[in-house]
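# Mind folding the following:
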Amino acid sequence: KLNSYLAQMEDRKCEIVKLQECEKALYANFQASLGENNEFAHFLTKVLKKKVKCMEKKEVGREADEEDENEEENDEEPNLGTDEENSGSEDEVFDDSVCPKNCNEALFQNTIQLRQKRLDIEKALTEEKKAAANLRKKYNALAKKAKVVETSLDTADRELKTFQWEKQQRLNELYVVVPLKLHQVEYLVNGEMPSDFSQALVFTNQSLEYLQKRIVDLHNEKRMQREIYKKAQEQHKQLLQDKKEMEIKIRQLEEKCNHLMMKKFGRLVDFEAVQAHSVNIRMEELEVQIMEKEYVHSQELKEWEERILDLQQQLMKLTKENTSKLQQLNQFCHEKQQLETKLASL
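Residues are numbered from 1 along each chain as shown. Prediction:
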């Protein structure tokens, strides 16, 4: 159920993102319809962003419709006052029901339609957000319950393990009668069989054989580990000696390099810094060659893709022709069978 809630929440998130994209696209469409230097841009923007309460109209008759229209006008008046307060002190009354003079009627009607779409998108967005919030609450509540159940299950599991351990301990304390023969008893004290066997240990012949074999295996493993350790010590000594020789050789090469630099340049030069700041001509040439090869290969790949597409189309055509011929052959066979049946009946 948690996974179901998660899937529903992801779907709601996707829907919210889609609605937000639609809202952005709507505003972009509005800005594109305004164009540049439109003198009614401020008025049309206010018309687009105006908040209008959606009223559900009941079709009871013309009188009821007129009453609903009057109620809508009364509801819009406070919004108009709010818009006028937000826009600053203006002398003219903001009225979005009438297109102002010298304003494009089509642009005005388009703005009204975009406003209606914006209101629908905002309503749908609000509903999706509410649904997502409800799903989040249900998911959190269910997750808390699942956590409590998991904690209870862990506690019950621990109690069960403790009970099993205590039960095993109690079972181990029980005395068990083991019938033995004299030749099976190897517990002797001073060459005699004691009267108290409380310190004796009873186990099978297989366990005894396994322990004896294990002793031999451990001796062999110990001998092998000693040999490996000796070889590792010898290798370590050899590596240390090689390291000292390499350090001496490196010092000699550094001294020789410094002497050659002083002889040629008169001072020590950091070739790594020089190489980092210099341009590697060979590398540049190789990069150019790589770019040329990539272009040639891309062209060849494009040609092969076109050729493959043509061959696929030819294959589809031949397949269709083959299918039609198979259908004709099937029809001919059917007709032949019918004719043979008629001839047999004659």
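
# where along the chain do the helices fall?
Ranges of helices in the chain, per DSSP state H, are 2-34, 41-49, 62-87, 105-173, 205-265, 271-277, 281-345.

# if you average pLDDT over each of the ones you listed, which comes out lowest?
Among the helices of the chain, helix 62-87 has the lowest mean pLDDT, at a mean of 41.

# returning to what we had before: mind putting the helices of the chain into CSV with distance to His183 and mean neighbour count?
For glycine as for every other residue, the C-beta is placed from the backbone atoms N, C-alpha and C. Listed next are the helices of the chain as CSV, based on distance: least, CB to CB, whole Å; neighbours: other CB atoms under 10 Å:
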stretch, distance to His183, mean neighbour count
helix 2-34, 66, 14
helix 41-49, 106, 17
helix 62-87, 109, 12
helix 105-173, 28, 13
helix 205-265, 12, 10
helix 271-277, 84, 9
helix 281-345, 86, 10
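
# In a markdown table: those, plus distance to Leu182.
Shown next, in a markdown table, are the helices of the chain (distance: least, CB to CB, whole Å):
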| stretch | distance to Leu182 |
| --- | --- |
| helix 2-34 | 68 |
| helix 41-49 | 107 |
| helix 62-87 | 110 |
| helix 105-173 | 27 |
| helix 205-265 | 16 |
| helix 271-277 | 87 |
| helix 281-345 | 90 |
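
# Nearest approach to Asn190 belongs to which of those?
Of all the helices of the chain, helix 205-265 sits nearest to Asn190, with 22.7 Å by CB to CB.

# Nearest approach to Val185 belongs to which of the helices of the chain?
Ranking the helices of the chain by distance to Val185, with CB to CB as the measure, places helix 205-265 first at 13.2 Å.

# still on that earlier bit, which one, of the helices of the chain, ends up nearest to Glu186?
Taking CB to CB, helix 205-265 is the member of the helices of the chain nearest to Glu186, at 9.3 Å.

# wouldn't Arg12 be in contact with Lys130 here?
No - contact criterion CB atoms under 8 Å: Arg12 and Lys130 do not qualify, at 9.7 Å.

# Please determine how far the most centrally placed residue in the chain is located from Val177.
Nearest to the mean C-alpha position of the chain, by CA atoms, centre = their mean, lies Glu10 at 12.9 Å. In this view, Glu10 and Val177 are 67 Å apart by CB to CB, to the nearest Å.

# One more: Glu227?
Distance, Glu227 to Val177, using CB to CB: 50 Å.

# do the same with Leu160
Leu160 is 31 Å from Val177, by CB to CB.

# so what are the domain limits for the chain?
2-50+96-156, 203-278 (automatic domain parsing).

# got TSV for those, with distance to Tyr187 too?
Below are the domains of the chain laid out as TSV (distance: least, CB to CB, whole Å):
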stretch	distance to Tyr187
domain 2-50+96-156	45
domain 203-278	12
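
# for the ones you listed, which one sits closest to Glu166?
Ranking those by proximity to Glu166 (CB to CB) places domain 2-50+96-156 first, at 15.5 Å.

# what pLDDT does Lys50 get?
Per-residue pLDDT puts Lys50 at 74.

# Near it, how many other residues are there?
Residues within reach of Lys50, counting by other CB atoms under 10 Å, total 18.

# doesn't Arg115 make contact with it?
Yes - between Lys50 and Arg115 a contact is recorded at 6.7 Å, counting by CB under 8 Å.

# And the domains of the chain: which comes nearest Leu315?
domain 2-50+96-156 (39.3 Å).

# If we ignore the residues flanking it in sequence, what's nearest Cys22?
Distances taken as CB to CB, 6 or more residues apart in numbering place Ile121 nearest to Cys22, at 5.5 Å, with adjacent residues excluded.
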